[in-house]
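[1] build me a structure from this.
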Amino acid sequence: MIRSITLLFAALVSASTLLMASQAPAPSLEAAGKSAATLPRLRSLLVSHRGELVLERYYGGARAAQNANIKSASKSVISALVGIALSRGLIKGLDQPIVDFFPELAKDPDPRKRTITIEDLLTMRSGLESTSGRDYGAWVQSANWVRYALNRRLIDPPGTRVEYSTGTSHLLSAVITRATKVSTWQFAQDSLAKPLGFSLPRWIQDPQGVFFGGNEMSMTPRQMVRFGELYLNDGLVGSTQVLPQDWIAKTRVPRGRSRWGSDREYGYGFWIRDLAGHDAYYAWGYGGQFIFIVPELQLVVVTTSRVDVSAERRDHLGAIYDLVEQQVIPAVLPRAPS
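    The predicted structure follows:
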């Protein structure tokens, strides 16, 4: 008798727990917006789901019309520009050696540098020693950024290991300038920004006038959303094919892991990782500038953050990942049938 009563009580508790769980409120975007407000460095959180802007919040005095420095998320924009130039035949192919654009490499004492291709630059597998991290300051203070990057020693055979380097991305900007016969800014303005419905501000240039190929671009958070949506829409804006569909598919293919991000992989100017069980790729800029793209959910999440001079705060970046995985994604998932 006692055993029967115990089993009955356990069953009632279990049923009550299930009932309470079924009545628990679903995760909401409003709650995500409130949680985001507790992150002192966060300046914006925007969520686009199925082409609709379903959440837009600004913090710390930030405004919708205010440009944000997207930092190294600029590399993803450069990647898009390479894809456009390739589709127009301005670049022969991803296997085109960069010596075609930098003939000075023909005289470099290391003949392996003449085998570096456009794809090697896109995937950060040029083999050249990085200009990021502790070498960044010396690079941007040099008299010729392109020459400095090309003169770095080869630490790996080209096309093998990912070595994150802003100098590598800057070489792509120089390639775009030489291939298109206009500045990277002008090409970006005409081929990308205008079709997306906005104007891209000029950003800084190197001493030879090449626009910075891996940093310092500015966009409003809404413009960042539009850029992300371009990838969800297979490169289409209305009926205009701005970015080739096959380019987007190639962009998402992992090409290797970097010592700068061993928990994620790298594609064509985008980082790649799992977010709450869903394949995602994203543009990532120093300090917390993100454009997350989750194709399976037709989801784009944008964040901008205050950029401090101090080293990047990993706790802030971790909080952004947690916000996306634990609150935003659950809020847009379809509820299970009752």
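[2] so who does Glu229 touch?
    48, 51, 300 (C-beta atoms under 8 Å, 6 or more residues apart in numbering). Every C-beta, even on glycine, is put in place using the N, C-alpha and C of the backbone.
[3] list the buried residues of stretch 99-109.
    For stretch 99-109, burial by neighbour count (16 or more other C-beta atoms under 10 Å) applies to 99-102, 105.
[4] now stretch 199-212
    Buried residues in stretch 199-212, counted by 16+ other C-beta under 10 Å: 200, 203, 205-206, 210-212.
[5] so what's the residue nearest to Ile155 when sequence neighbours are not counted up against?
    In space, and not counting its chain neighbours, Ile155 is closest to Glu129: 5.1 Å by C-beta to C-beta, 6 or more residues apart in numbering. By C-beta under 8 Å, 6+ apart, Glu129 lies in contact with 135, 152-155, 163, 165.
[6] and Ala32, what element?
    If you go by DSSP states H and E, Ala32 is part of helix 29-36.
[7] and the following helix or strand past that helix, what does it pack against?
    Using DSSP H and E, the helix or strand that follows helix 29-36 in sequence is strand 42-49. Contacts defined by 3 or more C-beta pairs under 8 Å, 6 or more residues apart in numbering; DSSP states H and E place strand 42-49 against helix 29-36, strand 52-58, helix 221-232, strand 299-305, helix 314-323.
[8] ok, strand 42-49: who's next to it in the sheet?
    Strand 42-49 pairs in its sheet with strand 52-58 (antiparallel), strand 299-305 (antiparallel), by DSSP bridges.
[9] so which of those strands is the most packed in?
    strand 299-305 (a mean of 28; mean count of other C-beta atoms under 10 Å).
[10] got the CA coordinates for that strand in CSV?
    Only the C-alpha atoms of strand 299-305 are listed here, as CSV (Å, rounded to 0.1, in the frame of the first residue of the first chain):
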residue,chain,number,x,y,z
LEU,A,299,18.1,34.7,-38.9
VAL,A,300,20.5,37.7,-38.8
VAL,A,301,21.6,39.1,-35.5
VAL,A,302,23.7,42.3,-35.3
THR,A,303,25.5,43.7,-32.3
THR,A,304,27.7,46.7,-31.9
SER,A,305,29.7,47.5,-28.9
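[11] now what about it, what contacts it?
    Outside strand 299-305, the residues within contact range by C-beta under 8 Å, 6+ apart are 41-49, 62, 68, 70, 221, 224-225, 228-229, 232, 287-294, 316, 320, 324, 328-329, 332.
[12] next one: stretch 32-50
    29, 53-60, 62, 68, 221-222, 224-225, 228-229, 287-288, 297-306, 308, 313, 316, 319-320, 323, 327-328, 331-332.
[13] quick check: end-to-end length of it?
    Criterion C-alpha to C-alpha, to the nearest Å; first-to-last residue distance in stretch 32-50 is 18 Å.
[14] got it, and stretch 257-269?
    In terms of C-alpha to C-alpha, the two terminal residues of stretch 257-269 are separated by 13 Å.
[15] in CSV, list the strands paired with strand 42-49 along with mean pLDDT and distance to Val175.
    CSV is the format used below for those (pLDDT from 0 to 100; distance: least, C-beta to C-beta, whole Å):
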stretch, mean pLDDT, distance to Val175
strand 52-58, 97, 34
strand 299-305, 98, 28
